[in-house]
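>>> sequence first, predicted coordinates after that:
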Amino acid sequence: MSSTATTPAERRALAVALPALRDDDRRDIEGFLDAFWAEHGIARQTADAYRRDLEGFARWRDGRDGGIAQADRAALFEHLAWRTRHGWSPRSNARLLSALRAFFAHRQRRHGRTDDPTALLDPPKLPRSLPKALGESEIEALLAAPDIDDTEGLRDRTMLELMYACGLRVSELVELPTNGVNLRQGVLRVTGKGERTRLVPLGEEAQHWLQRYIADARPLLADGKPTSATAGDTPLFLTRHRVAMSRQHFWSLVKRYAGAAGIDARVSPHGLRHSFATHLLNHGADLRALQMLLGHSSLSTTQIYTLVAREQLKRLHATHHPRG
């Protein structure tokens with residue numbers, strides 16, 4: 001494998017070409033993930049990412065010197081260098097290092113390993129990237145893009161409205177159950193990262209579109225499946241195949257409607273969450289309240305949005321002030 005992969009497709013092909021995962025490595029990784037989930041309640045997406053990274057390292061080692069559980073610092077250095085040569089990003093390597101730190105801490109606690117091979121490994125320096133937020137006029141154009149006279153268009157308008165009005169993560173939106181909506185009280189009960197539950201208020205617009213979707217579109221998409229509060233934890237948003245929408249499906253819808261609205265093609269579902277946070281701060285929202293609405297466990301995560309708002313104010317001043 002001397003060639004250097006530079007594109008995502010080439011890196012995926014390189015990863016596929018690695019040897020199959022050995023049974024002892026699989027057992028060690030699954031045992032770690034089960035224990036880590038029980039101790040920390042990590043989100044499914046985080047567990048899946050850790051599994052991919054650890055399995056990739058284990059397959060790269062292919063059982064050398066006792067497999068992944070016996071890997072030393074030199075092996076970790078070598079693997080990170082191999083990934084860097086083949087185009088994996090600093091952010092991707094930082095996530096791998098987080099997975100390895102957690103894995104070897106588990107080996108020390110539960111399996112008697114005396115050293116931590118990640119102890120002197122510094123995470124790669126990450127460029128600070130500010131979240132991309134849409135302007136308020138762009139949000140209006142995006143929300144107006146679906147054809148609300150069409151069943152799926154009405155569903156899509158409702159989903160876009162909830163993403164922006166409530167600042168949901170895309171996984172929280174597509175996994176929202178029918179019993180997570182309380183229109184009488186005007187709130188959503190959302191299960192976020194780490195299985196943490198929070199209540200998010202619904203604005204009048206979001207309530208309006210939810211009522212229309214539940215009354216007019218969901219019964220047609222459900223085709224006989226329960227649609228009332230008795231439906232329990234069945235998915236609120238369904239595809240024409242009567243199943244919950246995937247994150248990838250919703251991503252493609254956002255791209256399509258962004259194109260129809262004449263908005264930058266780099267728009268993503270997470271951009272709607274960023275826009276929610278940025279616009280709230282621009283209109284005077286309290287940072288602690290924003291933290292609760294977004295479901296961040298740490299205020300430092302929320303503070304990144306103050307930088308976004310500050311940059312937008314600078315651009316506004318430079319454009320419109322006579323001394324800008």
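Everything's here; your move.
>>> only C-alpha atoms from now on, for both contacts and neighbour counts.
Fine.
>>> buried residues, the helix or strand encompassing Ser137. List them.
Remark: Ser137 resides in helix 136-143, with elements defined by DSSP states H and E. Using 16 or more other C-alpha atoms under 10 Å as the burial criterion, the residues of helix 136-143 that qualify are 138-139, 141-143.
>>> try stretch 148-165
In stretch 148-165, counting by 16+ other C-alpha under 10 Å, buried: 148, 151-165.
>>> what segments of this structure are strands?
For the chain, applying DSSP state E gives strands covering 181-182, 187-191, 197-201.
>>> just the ones you listed: most buried one?
Mean neighbours per residue, mean count of other C-alpha atoms under 10 Å, is largest over those for strand 187-191, with a mean of 20.
>>> quick one, what contacts Leu236?
Shown in contact with Leu236 (C-alpha atoms under 8 Å, 6 or more residues apart in numbering): 174-178, 218, 244.
>>> how about the residues you listed, which pair is most distant?
Glu175 and Arg218 (15.0 Å; C-alpha to C-alpha).
>>> tell me the mean pLDDT over the helix holding Ser137?
Mean pLDDT, helix 136-143: 90.
>>> equivalent analysis for stretch 151-171, please.
Here the average pLDDT along stretch 151-171 is 91.
>>> can you list the weak-confidence ranges in the protein?
1-6, 126-131, 224-232, 265, 285-287, 296-324 (pLDDT under 70).
>>> for stretch 56-66, buried residues please.
Buried, per 16+ other C-alpha under 10 Å, within stretch 56-66: 56-63.
>>> from those residues, which is closest to Gly192?
For the buried residues of stretch 56-66, the nearest to Gly192 is Gly56 (27.1 Å; C-alpha to C-alpha).
>>> distance-wise, check the closest one relative to Arg85.
15 Å (C-alpha to C-alpha, to the nearest Å).
>>> nearest to Pro235 among the contacts of Leu236?
Pro177 (4.4 Å).
>>> give me the phi and psi angles of the residue nearest to Gln108 when sequence neighbours are not counted.
Take Gln108 and drop its neighbours on the chain: the residue closest to it by C-alpha to C-alpha, 6 or more residues apart in numbering is Thr114, 6.1 Å away. Backbone geometry at Thr114, expressed as degrees, to the nearest 10, gives phi -90, psi -20.
>>> wait, Thr114 sits on Phe104?
No: using C-alpha atoms under 8 Å, Thr114 makes no contact with Phe104, being 9.9 Å away.
>>> which of those two has more residues huddled nearby?
Phe104 (24 against 11; other C-alpha atoms under 10 Å).
>>> Phe77 versus the closest residue to the more buried one other than its chain neighbours, what's the distance?
Closest residue to Phe104 apart from its sequence neighbours, by C-alpha to C-alpha, 6+ apart: Asp116 at 6.1 Å. Taking C-alpha to C-alpha as the measure, Asp116 and Phe77 are separated by 13 Å.
>>> so between the two, which is more surrounded?
Asp116 (18 against 13).
>>> residue contacts, that one?
101, 104-105, 108.
>>> just the residues you listed now: which is nearest Ile29?
Among the contacts of Asp116, and counting by C-alpha to C-alpha, the member closest to Ile29 is Phe104, at 10.6 Å.
>>> tell me the contacts of the closest one?
Applying C-alpha under 8 Å, 6+ apart, the residues near Phe104 are 69, 116-118.
>>> likewise for His270?
169-170.
>>> look up how far Val243 lies from it.
His270 is 22 Å from Val243, by C-alpha to C-alpha.
>>> list the buried residues for the lengthiest helix in the chain?
Longest helix of the chain, by residue count under DSSP state H: helix 90-111. For helix 90-111, a neighbour-count test (16+ other C-alpha under 10 Å) marks 90, 92-97, 99-107 as buried.
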